[in-house]
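> For reference, the sequence and a predicted model appear below.
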Amino acid sequence: MLLLAPCPIPAHPQTSSFVNLPADPYFALLAPACVFLLGMVLFACWWLQRRQGKAQYLLWMAAGYVLPATAVALQSLMNNAQLAQWALHTGVLYLGGAWGIAQGMTLRTTGMPQPWWVGASVGLFCLVSLYYYSRIDEQLWMRVQLLCISLGLMQLLTLRSVLCAVPARDRLESMLRWTYVAFAVYALLRALVVLVIASRQDIETLTRSGYWLITLAGALLFSMWFSLVLLACSVRDMLFTLREERNRDSLTALLNRRAFMESAQVLMADRLSAPWAVVVGDIDHFKRVNDSWGHACGDRVLQNIAHVLVTQVREGDLVARFGGEEFVLLLACVNLQEAQTIVQRIRSDLHANPIAVPDARMRVTVSFGITEVLDLPDLANALHRADLLLYGAKQAGRDCIHVQDMRLQSQDEEIRI
């Protein structure tokens, strides 16, 4: 709300004029209001992604914006005596906000929460100091210094977790981390900045001092930049999650048919990944599993098979579930003999670690068909050829591998392993 102050009565009584109050009080409230709104935006992002465990960091980040903004707004309306009276309350808000940012960054980068005693120890030191210098020996200057030091320590103690986390996935994530590093360093050095730049005379009128306004301007600029980078990362994560949900089979987390074909186009566009082989596998007697022990047991079998496939292939190979009990693999940089070795390893794993079903006499096995893929246009035909080889493996007694013999490709001869 715009406040107006009347000027002295002018020489002509029939006219009057008003002038605005100085801009400082308005800016002092505008800055925390903007930071508060940014915090609410982060809260809304968390609310939209709340069912995803990885989005928990957004709630901590939102607290890291909202709590300090509330403290700044309250202090901007106080005189020095009120600042001392409410020092503990606003201190809790500042410390809670700093811990929210630190905890949020730790959760995002490592997936693990920071130990609670880290924030508790720093917070206890700060609150005891604030109590002493507000209720026993009232010194505004010391409160400012100690609060700056405590907030810097809280960020510094969590900085190691961020720096030692797994490498950033892209430049945007790297920018977020280095922005936090810059903030942590600034938070720690702010006490020195106060000591060097701010005079005691300024501190005596804290909420109208140049130091206060500079601090607000810096906090607002940093908050806007950090939140923009954070929101960009959050949107990127949300789009990635949606794409994964579209591309992944909900039961096994393997690629679905559409995602397999799209990924195959990318993989086979790189000629360095040639030669390729396609493998089609099908669980033997899977209908008997579902009919005898229900779909819950069948689902567990599918999940176990998917796990074995993923763990036995190499990074860069594609593993998909095409539907029902059928799985498809696209192996890169392999000839047929090497592809056969990989599939035999999968089969051996299933034999060495049998999947548990209620009837111990039944063993879950998989039949496979393997063929070479000449190029991308040949992929659809290769899938058909592998299907025919799989059908041959089923007819030959199941739990075996049929490979197209490239030496006699024109005759389409099959070898049973």
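Received, thanks. Residues are numbered from 1 along each chain as shown.
> Where does the prediction get shaky in the stretch 201-350 of the chain?
201-211 (pLDDT under 70).
> The same query, at a cut-off of 90, please.
Counting by pLDDT under 90, the stretch 201-350 of the chain has low-confidence residues at 201-224, 227, 231-246, 249-250, 269-274, 285, 287-295, 314-316, 323-324.
> Same question for the stretch 51-200 of the chain.
Scanning the stretch 51-200 of the chain for pLDDT under 90 picks out the ranges 51-55, 72-84, 108-119, 138-146, 148-174, 176-200.
> any idea where the helices of it begin and end?
Along the stretch 51-200 of the chain, the stretches classed as helices by DSSP state H, counting those that start in this stretch are 56-76, 80-85, 87-110, 116-131, 140-163, 171-197, 200-203.
> ok, now how distant is residue 63 from residue 282?
With the distance defined as C-beta to C-beta, to the nearest Å, residue 63 ends up 51 Å from residue 282. All C-beta atoms are positioned from the backbone trio N, CA, C, and that covers glycine.
> who touches the residue nearest to residue 129 when sequence neighbours are not counted in this structure?
Spatially, and ignoring its direct neighbours in sequence, residue 129 is nearest to residue 146 (4.4 Å; C-beta to C-beta, 6 or more residues apart in numbering). With contacts defined as C-beta atoms under 8 Å, 6 or more residues apart in numbering, residue 146 is in contact with 126, 129-130, 133.
> Looking at those, which is nearest residue 299?
residue 126 (52.2 Å; C-beta to C-beta).
> ok now do the closest one, which residues does it touch?
If you count contacts by C-beta under 8 Å, 6+ apart, residue 126 has them with 91, 95, 146-147, 150.
> Mind giving me the ChimeraX command for buried ones among those residues?
Listed next is the ChimeraX selection for buried residues among those, using 16 or more other C-beta atoms under 10 Å:
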select :91,95,146,147,150
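> How about residues contacting the helix or strand encompassing residue 347?
Using DSSP states H and E, residue 347 sits in helix 336-352. The contact list for helix 336-352, computed with C-beta under 8 Å, 6+ apart, reads 277, 279, 281, 305, 308-309, 311-314, 329, 331, 334, 363-366, 368, 370-372, 399, 401, 403-406, 417.
> For PyMOL, what selects the buried ones among these?
Buried residues within the contacts of helix 336-352, by 16+ other C-beta under 10 Å, are selected in PyMOL with:
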select buried, resi 277+279+281+305+308+309+312+313+329+331+334+364+365+366+368+370+371+372+399+401+403+404
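> and the helix holding residue 347, which residues are buried?
By 16+ other C-beta under 10 Å, the buried positions in helix 336-352 come out as 336, 339-340, 342-343, 346-347, 350.
> I'd like the distance from it to the chain centre, please.
Here helix 336-352 is found 35 Å from its chain centre; the criterion is C-alpha atoms, centre = their mean, to the nearest Å.
> Restricting to C-alpha, output it in PDB.
Extracted in PDB, the C-alpha atoms of helix 336-352 (Å, rounded to 0.1, in the frame of the first residue of the first chain):
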ATOM      1  CA  LEU A 336      26.400 -63.900 -33.700                       C
ATOM      2  CA  GLN A 337      28.800 -66.000 -31.700                       C
ATOM      3  CA  GLU A 338      29.300 -63.200 -29.100                       C
ATOM      4  CA  ALA A 339      25.600 -62.600 -28.900                       C
ATOM      5  CA  GLN A 340      25.100 -66.300 -28.300                       C
ATOM      6  CA  THR A 341      27.600 -66.200 -25.500                       C
ATOM      7  CA  ILE A 342      25.700 -63.400 -23.800                       C
ATOM      8  CA  VAL A 343      22.400 -65.200 -24.100                       C
ATOM      9  CA  GLN A 344      24.000 -68.400 -22.800                       C
ATOM     10  CA  ARG A 345      25.200 -66.400 -19.800                       C
ATOM     11  CA  ILE A 346      21.600 -65.300 -19.200                       C
ATOM     12  CA  ARG A 347      20.400 -68.900 -19.400                       C
ATOM     13  CA  SER A 348      23.100 -70.100 -17.100                       C
ATOM     14  CA  ASP A 349      22.100 -67.400 -14.500                       C
ATOM     15  CA  LEU A 350      18.500 -68.600 -14.600                       C
ATOM     16  CA  HIS A 351      19.700 -72.200 -14.000                       C
ATOM     17  CA  ALA A 352      22.100 -71.300 -11.200                       C
END
